[in-house]
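Asks: coords please:
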Amino acid sequence: MATFVAPVESQAASERATRKQDRNFALRLVSGLTIFALAVHGYHPSAEDGGLYLAGVKRLLDPALYPHQTAFVLEPARFSLFATAVAALARISHLPLPWVMLALHLVSIWTTLFAAWLLASRISISPTARAGAVVLLSCWLALPVAGTALLLMDPYVTARSFSTPCMVFALLGALDFTEPNFTAQTRRRSFWLCAGSTTAAATIHPLMAAYSFAATLGLLCVRQKRRASRILGTTALAVAALILAVCLQIFASPESADVARIALTRTYWFPALWRWYELVGLAAPLAILAAFARSAAPKPSWRNPSERDLAQTALVVGATAVTVALLFARAGSSTHLVARLQPLRAFQVVYLIMVLMLGAKLGESLLRRAAWRWATTTLLLGSVMFAAARSAYPHSSHLELPWIATPNPWAQAFLWIRDHTPKDALFALDADYINAPGEDAQCFRAIAERSALPDYSKDGGEASIAPELTPAWKQGQAAQQRLGQETDAERLAALQPLAVSWLVLQSRASTGFDCPYENTTVKVCRLR
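Replies: Okay, here's the model as predicted:
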């Protein structure tokens, strides 16, 4: 009897040692790639949507901020617990908010890469394939998702920073829950991982959670044993999505001309308005995944049927999203409710699965165990994305860390405003200031911590999703449309009825107002 026990115990010990070695390697790899991803893609906490969420957190921490146009500050947090959670974390930790946001950004990257490693381990048992999947994802974290105005992950913290890893964990849980070779206890834990991740995503970003839930349901259908069940389940999901879109379109409230006009400013909602290469961004991932779905049979020793199932799930999700968008997200529709839900955002999961599969193929078939190939490929891919990141924010520090002074002249002016103007001041800027040369999409409210009339870009995005903000947005646009070219008399006539007390003008703008701050690009002036 002892002759049999010893080999069994030895084999179990060897398996435990191997699992521990794999786990330690994964932790080291993911931690290193987190720093690498930060260095490549940069960090811009107050830019784009990051500034919208940051202003909302600051308002929760200091309710005296933003007494005017408050609805535009609170809108991103209306259906999300993200801002509340971040504000609570800042209070509990007693850390300055910039440090909390930086820590959260690093945690979101690390968690996403770790979840991706676990999902890649279900795609392939090969360590080089898993490493390739996570390395490629770290290089392509800022990859644009077709023409949806989304990146896989942003270089700032938003609710999507955490709904994304939740989505990956949900897929991982669904895979393991439907794995027949796992024990009942493991499958039970996997179910709760899937359910818990989906619930967490719903509290953070309900819209992205809905698309994550749809992908998870699709995976559960694809994993059914019987072919008829797979076909029936995936077809039922696609038909349900189409029926839901039809119902939304039929029963949606009529839109006013102003609501329709602001919807049409969001061209990324409407595939018919996309450029040709953005449309390629829809077709190419589906073609790549179709190739993986055909070739991912369980015959090669390093592959797992999960690869095929994930590829097929992404195909179903992507094809359904495209169909819904083409049929119902149309600029000429009488209502834009379906377009407002942005069905093509479901392509985030399509892109993520595609990147993991491409990376696994790259690591297993090309890079293998040659260190110089890994180093060369990683540096090459990282350099391309680094150049893209720098071109997106050319007048700002690549890493806008809390201890680094900003070189951006617009941000410098906004910081002066924060330190030298009253909290109840209301500012006016050019309506499209965020796209001005050298501005780098730095959000005024997040940096200056002062109220402002609605801008065209970011506040326009909020008003397009929440039509009740349209009247305030329209009024703000009219008052700020030609702010830099108007005379002082015209500025007074447009802005005084709105109780504006300060102006931010580009330095070349002509004015007789008192401007206590001015740099080479912008000046801050008191309205008489």
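Asks: can you pull the pLDDT of residue 8?
Replies: pLDDT recorded at residue 8 is 55.
Asks: neighbours of the closest residue to residue 465 other than its chain neighbours, how many?
Replies: Closest residue to residue 465 apart from its sequence neighbours, by Cβ to Cβ, 6 or more residues apart in numbering: residue 340 at 6.0 Å. The C-beta positions use only the backbone N, C-alpha and C, and glycine is treated the same way. Neighbours of residue 340 under the rule other Cβ atoms under 10 Å: 20.
Asks: give me phi/psi at residue 340?
Replies: Main-chain torsions, residue 340, degrees, to the nearest 10: phi -60, psi -30.
Asks: so what's it up against?
Replies: 263, 269, 464, 465 (Cβ atoms under 8 Å, 6 or more residues apart in numbering).
Asks: by neighbours, which of these wins?
Replies: Of all those, the highest neighbour tally under other Cβ under 10 Å goes to residue 269, namely 25 neighbours.
Asks: distance of that residue from residue 126?
Replies: To residue 126, residue 269 is 41 Å away according to Cβ to Cβ, to the nearest Å.
Asks: equivalent analysis for residue 73, please.
Replies: Distance from residue 73 to residue 126, by Cβ to Cβ: 49 Å.
Asks: next one: residue 497
Replies: Distance from residue 497 to residue 126, by Cβ to Cβ: 68 Å.
Asks: more crowded one of the two?
Replies: The neighbour comparison of residue 497 against residue 126 (other Cβ under 10 Å) goes to residue 126, with 20 against 10.
Asks: circling back to that earlier point, for the contacts of residue 340, which one is nearest residue 155?
Replies: Of all the contacts of residue 340, residue 155 sits closest to residue 465, with 22.3 Å by Cβ to Cβ.
Asks: quick one, phi/psi of that closest one?
Replies: Torsion angles, degrees, to the nearest 10, at residue 465: phi -90, psi -30.
Asks: okay, the contacts of residue 340 in a markdown table with secondary structure and pLDDT next?
Replies: Converted to a markdown table, the contacts of residue 340 look like this (DSSP: H, G, I helix; E, B strand; the rest coil; pLDDT from 0 to 100):
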| residue | secondary structure | pLDDT |
| --- | --- | --- |
| 263 | helix | 91 |
| 269 | helix | 95 |
| 464 | helix | 91 |
| 465 | helix | 91 |
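Asks: residues in contact with residue 352?
Replies: Taking Cβ under 8 Å, 6+ apart as the contact definition, residue 352 lies against 116, 137, 152, 164, 167, 168.
Asks: where does the prediction get shaky in this structure?
Replies: Scanning the chain for pLDDT under 70 picks out 1-16, 18, 296-304.
Asks: how does it divide up, domain by domain?
Replies: Using automatic domain parsing, the domain parsing of the chain gives 20-382, 409-526.
Asks: among these, which comes closest to residue 397?
Replies: domain 20-382 (8.3 Å).
Asks: for the closest residue to residue 469 other than its chain neighbours, what are its contacts?
Replies: Sequence neighbours aside, residue 463 is the residue nearest to residue 469 in space, at 4.0 Å (criterion: Cβ to Cβ, 6+ apart). With contact set as Cβ under 8 Å, 6+ apart, residue 463 has these partners: 262, 454, 469, 470, 472, 473.
Asks: next one: residue 463 relative to residue 432, how far apart?
Replies: As judged by Cβ to Cβ, residue 463 and residue 432 stand 14 Å apart.
Asks: and stretch 493-511, how far out from the chain's middle?
Replies: Here the centre of stretch 493-511 is set off from its chain's centre by 34 Å, with Cα atoms, centre = their mean, to the nearest Å.
Asks: any residues touching it, and which ones?
Replies: Residues contacting stretch 493-511 (Cβ under 8 Å, 6+ apart): 68, 413, 417, 421, 425-430, 433, 436, 444, 450, 453, 475-476, 478-480, 483-488, 491, 513, 515, 518-527.
Asks: re earlier: export the contacts of residue 463 to TSV and append columns for distance to residue 52 and secondary structure.
Replies: Shown next, in TSV, are the contacts of residue 463 (distance: Cβ to Cβ, whole Å; DSSP: H, G, I helix; E, B strand; the rest coil):
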residue	distance to residue 52	secondary structure
262	16	helix
454	12	coil
469	13	helix
470	17	helix
472	16	helix
473	14	helix
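Asks: out of those, who's the most crowded?
Replies: residue 473 (28 neighbours).
Asks: and that residue, how far from residue 493?
Replies: From residue 473 across to residue 493, the span is 20 Å (Cβ to Cβ).
Asks: and for residue 390?
Replies: Counting by Cβ to Cβ, the gap from residue 390 to residue 493 is 42 Å.
Asks: please enumerate the strands of the chain.
Replies: In the chain, the strands defined using DSSP state E lie at 426-429, 451-452, 502-506, 517-518, 522-526.
Asks: between those, which one is closest to residue 61.
Replies: For the strands of the chain, the distance to residue 61 is smallest for strand 451-452, at 16.1 Å, taking Cβ to Cβ.
Asks: the closest one pairs with which strands, and in what direction?
Replies: Strand 451-452 pairs in its sheet with strand 426-429 (parallel), by DSSP bridges.
Asks: report the distance from stretch 91-109 to the chain centre.
Replies: Relative to the centre of its chain, stretch 91-109 is centred 18 Å away, using Cα atoms, centre = their mean.
Asks: if you could redo that for stretch 367-385, that was the one I meant.
Replies: Centre-to-centre, stretch 367-385 and its host chain are 26 Å apart (Cα atoms, centre = their mean).
Asks: again, but for stretch 286-299
Replies: The chain centre lies 27 Å from the centre of stretch 286-299; the measure is Cα atoms, centre = their mean.
Asks: alpha carbons of it, as PDB, please.
Replies: Provided in PDB are the C-alpha atoms of stretch 286-299 (Å, rounded to 0.1, in the frame of the first residue of the first chain):
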ATOM      1  CA  LEU A 286     -15.200  39.800 -36.100                       C
ATOM      2  CA  ALA A 287     -13.200  38.400 -39.000                       C
ATOM      3  CA  ILE A 288     -10.200  37.600 -36.700                       C
ATOM      4  CA  LEU A 289     -12.500  36.000 -34.100                       C
ATOM      5  CA  ALA A 290     -14.200  34.000 -36.800                       C
ATOM      6  CA  ALA A 291     -10.800  32.500 -37.800                       C
ATOM      7  CA  PHE A 292     -10.100  31.600 -34.100                       C
ATOM      8  CA  ALA A 293     -13.600  30.100 -33.700                       C
ATOM      9  CA  ARG A 294     -12.900  27.800 -36.800                       C
ATOM     10  CA  SER A 295      -9.400  26.800 -35.800                       C
ATOM     11  CA  ALA A 296      -9.700  26.500 -32.000                       C
ATOM     12  CA  ALA A 297     -10.400  22.800 -31.900                       C
ATOM     13  CA  PRO A 298      -9.200  20.900 -28.800                       C
ATOM     14  CA  LYS A 299      -6.700  18.900 -30.800                       C
END
